[in-house]
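Peer 1: with the sequence up front, the predicted model follows.
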Amino acid sequence: MGRHSYAASHCEDIMSYSNEVLPPERKEFMALDIRRELADHLRWQSFFFDVPRDIEKTHSPLDLFLRFITENSLDTEDKIKEYSHIQVVVAADGNISYRTEKKPQENTWFHAYDSIDDYLGWDELASYFLPSCHKKCRIRYEGKESVIPYIDTWVPAYNREGRILYERAKIPIDRVPSGFHRTYLNEKYIVEDNVTD
């Protein structure tokens, strides 16, 4: 994790054979371990993304970070580098908020491609291993309806102006292993989300 090479794709290999060799309790252990590792990687960035202990049981640290930069329109690396501390705060009712500090930093390094994008697949693997992250939606395509299980993820959507943009997406989990990592559900065909049947 975080090697910025072909090693970043090992998560897809693990996903492809995991159902054959890993029992559910081992998958859950690995998922929480992956999330803890992601939290550590975010914590050691210049913006010190600080999450509460054991939050990985209920939240993805990477998801919390991407929500923060999206909700606060931090769409350039320079805007993100203005922060010296971003602390995730979980209220008693479960609501998430953020406490932040800004201060000038010299020689601050951050590059979204190396610091975030290589971790997306690992975050997806953790969600794939956690049944609590599995959802279903109803799709209508060419007159036929089907219910598709999926997990939520983020997709980098950089533009020509160099803006850092991430968008929410849904990855179907009924087609592992072939085409998992970059197969997304087309939102325009979703007629019902969070299907329970």
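Peer 2: Structure's in. What do you need?
Peer 1: tell me the mean pLDDT for the lengthiest strand in the chain?
Peer 2: Taking DSSP state E as the criterion, the chain has its longest strand at strand 144-156. In this model, strand 144-156 has a mean pLDDT of 94.
Peer 1: the residue lying farthest from the centre of the chain and residue 10, how far apart?
Peer 2: Checked against the mean C-alpha position of the chain, the extreme residue using Cα atoms, centre = their mean is residue 143, at a distance of 32.3 Å. Separation of residue 143 from residue 10 (Cβ to Cβ, to the nearest Å) stands at 40 Å. (Glycine included, C-beta is placed from N, CA and C.)
Peer 1: one more: residue 61?
Peer 2: Distance of residue 61 to residue 10, computed by Cβ to Cβ: 20 Å.
Peer 1: please, where are all the strands along this protein?
Peer 2: Using DSSP E, the strands assigned to the chain run over residues 49-50, 83-90, 96-102, 135-141, 144-156, 166-172, 190-193.
Peer 1: so of these, which one's packed in deepest?
Peer 2: Burial among those, expressed as mean neighbours by mean count of other Cβ atoms under 10 Å, is greatest for strand 49-50, which shows a mean of 20.
Peer 1: name the helices or strands packed onto the helix ranked longest in the chain?
Peer 2: In the chain, with assignment by DSSP state H, the single longest helix is helix 24-43. The helices and strands touching helix 24-43, judged by 3 or more Cβ pairs under 8 Å, 6 or more residues apart in numbering; DSSP states H and E, are strand 49-50, helix 61-71, helix 118-129.
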